[in-house]
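Participant: no sequence for this one, just the structure:
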């Protein structure tokens, strides 16, 4: 039975890595589930503290993933209008478009990038900012998305490291 749990743990890590870039797929919590599944084997036992800490980190990363593009917009000179535009663009893509029947296609991963990007641009233009300022704010949103994806990938890889290490040395 352990082999089934081990295979499932590896699948969860791979899905967690995919979740780092695919919208709607919560990568860190899925990768974290690999630890929980591995804990069901006879070979490995994680402490409740370890599982709790890694779960909290996964949840923090999920929350940061929504905040980082907004922060990037602000950091590259975006005004409140750009930050609001970035936020609204993200909300439209994440919460409204999936219910309209558009889940994948142009509004999938591309939507998660372009929603905040163009939202920041539109917000800045609405506030009367020049094109160069509006585009800089939009690029901040894009860089924030990349930073969020990087953090999620690192988390899934760290979980993968723990799984492999514990399987090899348990």
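Facilitator: Okay, I see it. Predicted, not measured: the structure shown is a model, and the values here were computed from it.
Participant: identify all contacting residues around stretch 147-166.
Facilitator: Residues from elsewhere that reach stretch 147-166 (Cβ atoms under 8 Å, 6 or more residues apart in numbering): 9-10, 13, 16-17, 19-21, 27-28, 31-32, 34-35, 38, 43-44, 54, 57-58, 61, 64-65, 68-69, 72. In this view, the C-beta of every residue, glycine as well, is placed from N, C-alpha and C.
Participant: just the buried residues of those.
Facilitator: Buried subset of these (neighbour count, 16 or more other Cβ atoms under 10 Å): 9-10, 13, 16-17, 19-21, 27-28, 31-32, 34-35, 38, 44, 54, 58, 61, 64-65, 68-69, 72.
Participant: what's the local residue count around residue 110?
Facilitator: For residue 110, the neighbour count with other Cβ atoms under 10 Å is 14.
Participant: next one: residue 90
Facilitator: The number of residues packed near residue 90 is 23, by other Cβ under 10 Å.
Participant: check residue 159 too.
Facilitator: The number of residues packed near residue 159 is 27, by other Cβ under 10 Å.
Participant: give me the distance between it and residue 48.
Facilitator: Look at residue 159 and residue 48: by Cβ to Cβ, to the nearest Å, they are 17 Å apart.
Participant: mind showing which ranges of this protein have poor pLDDT?
Facilitator: Residues of the chain meeting the criterion pLDDT under 70: 23-24, 96-109.
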